[in-house]
Every structure is written in structure tokens, then in C-alpha cells.
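*Asks:* can you look at this prediction? I've put the sequence above it.
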Amino acid sequence: MSTPYEAGGRTRQKQRTRDALVQAAKSLVADGVTPTVEEAAAEAGISRPTAYRYFANQRALLAAAHPETDATSMLPADPPSDIAHRLDLAIRTFLGLIVETEAQQRTMLRLSLEADPVERAALPLRQGRAIGWFEEALAPLAEQLPDGAIHRLAVAIRSAVGIEALSWLTDVARLSREDAVETMTWTAQAMLQSALAGHLPPNRQH
């Protein structure tokens, strides 16, 4: 999300400055650092006052630097029609991104747990975007499943697939990252097959 300062003149130059700050933040997080705005500014060779015109605080900076910020889909341009294949592609693309950027993902997970409710709502991990990506993969089931079932299934799959599950599987269960990815992929497919067999996730009305 851009700031009022960025919306003014010299937009191309400002975009380059913003991109430099975001890239610096990504680089620092990849090295195990949770950068402040000042640290990202120093890494990018940008003054602190200028950096704060783009990012008011550390959380805004890290949210912009989140690896999935620009992603719109986990499917290829011409996705298959087979539902299991579609889900497998979406899950593996998503998990490939998670593993590739694990340091950033863990940082955002920690921030999403520590932040106050208002701040949490603005963080990428709290946006539920992966649910939308899984709904897209499951979309051909629209005529086969009851209303709302695709969303409930996507939520169930997301509960077992992502940085949260990866952290537990590698840190607690002591699986390798490769085995963790295969476990999460298997779980997603098992949920799909259960739904196709008529065993859908709960639909409790409050």
C-alpha cells in the first residue's frame, strides 16, 4: 500500500526508492535479521527521513517485503481441468515459495502472533489470500459441492499447509523440508478425496 507521499510527483523515482527499501528488507530478513526502517534504509543507501516517508514503522516495511505480496495465483497460465492435479500444482507452488523464503515467512509468522489485533489484520498472513488461491484450484467443484463447501475445504487445507505447518513439521516432528512438503501435499489431497466422498468440513452456523 502506497503512502500519500508516494502519490505525489516523480512517481517513477519514488517507486525505485520504495523498491530499493523493500529489496533491502528482504535481503536482511533472508540473512536472519528482522530489519527496522533505519536498517533497511542503511542497507539501501537511503536516508532515514526519506525511508520513513514510505514506511511509517517496521511492520509496514515487513508487510511490503513479504514474499507473497505480488502473487495473484498459484496456478499456471493454462491450468489443467483435473481437480487433484490443479490442487497439487497450487499446493506445490505455494509450498515452494514458503520453503524458498522461509526466513521471511517465519518473521511474518512471529509478527502476526505478536502484533495487536489492528496490526495483525494488516499483515499478509492474516489476509487469507492462500485460501483464495486454494479456492481457485478447487473452483471446478462448484457444481458438485454444496454452496460454501469449496470455501470450507480451502480453509481446512490452509490449516494444514503453510509456514505454520512447516515450522511444526520441521521443528517439532523433525522432518526434513522435503518430507514436510510431501506430508502437507498428502494431507491436502486426503482432504480433497474426503470431500469428494461426501465428508465435508463442518458447517456450523453461529
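*Replies:* Yep, that arrived.

*Asks:* got the phi/psi numbers for G148?
*Replies:* Per-residue torsions, G148: phi 80, psi -10 (degrees, to the nearest 10).

*Asks:* what separates it from Y54, distance-wise?
*Replies:* Between G148 and Y54 the computed distance is 40 Å (C-beta to C-beta, to the nearest Å). C-beta: built from backbone N, CA, C; applies to glycine.

*Asks:* could you list the low-pLDDT ranges of this structure?
*Replies:* For the chain, applying pLDDT under 70 flags the ranges 1-9, 67-70, 115-127, 205-206.

*Asks:* quick one: the helices in this structure?
*Replies:* Remark: helices assigned in the chain by DSSP state H are 11-30, 37-44, 48-54, 58-64, 83-100, 102-114, 117-122, 129-138, 149-160, 163-171, 177-196.

*Asks:* so which of these is nearest T72?
*Replies:* The closest of the helices of the chain to T72 is helix 129-138. By C-beta to C-beta, the value is 8.6 Å.

*Asks:* got TSV for the helices of the chain, with mean neighbour count and distance to M74 too?
*Replies:* What follows is the helices of the chain, written out as TSV (neighbours: other C-beta atoms under 10 Å; distance: least, C-beta to C-beta, whole Å):
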stretch	mean neighbour count	distance to M74
helix 11-30	17	20
helix 37-44	20	28
helix 48-54	16	29
helix 58-64	21	20
helix 83-100	19	4
helix 102-114	18	15
helix 117-122	12	22
helix 129-138	21	4
helix 149-160	20	12
helix 163-171	17	15
helix 177-196	17	12
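
*Asks:* tabulate those (TSV), appending distance to T72.
*Replies:* Converted to TSV, these look like this (distance: least, C-beta to C-beta, whole Å):
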stretch	distance to T72
helix 11-30	18
helix 37-44	25
helix 48-54	23
helix 58-64	16
helix 83-100	12
helix 102-114	18
helix 117-122	19
helix 129-138	9
helix 149-160	16
helix 163-171	19
helix 177-196	20
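
*Asks:* those helices: which one's closest to S73?
*Replies:* helix 129-138 (6.2 Å).

*Asks:* contacts only, for the closest residue to F55 other than its chain neighbours.
*Replies:* Spatial nearest neighbour of F55, excluding adjacent residues (C-beta to C-beta, 6 or more residues apart in numbering): L61 at 4.1 Å. By C-beta atoms under 8 Å, 6 or more residues apart in numbering, L61 lies in contact with L21, V22, A25, P35, T36, V37, A40, F55.

*Asks:* one more time with 10 Å, if that's ok
*Replies:* Contact analysis of L61 by C-beta atoms under 10 Å, 6 or more residues apart in numbering lists 21-22, 24-25, 35-37, 39-41, 51-52, 54-55.

*Asks:* mind putting these into TSV with distance to A139?
*Replies:* As requested, the contacts of L61 are exported to TSV (distance: C-beta to C-beta, whole Å):
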residue	distance to A139
L21	36
V22	31
A24	38
A25	34
P35	38
T36	41
V37	40
E39	42
A40	38
A41	43
A51	41
Y52	42
Y54	37
F55	36
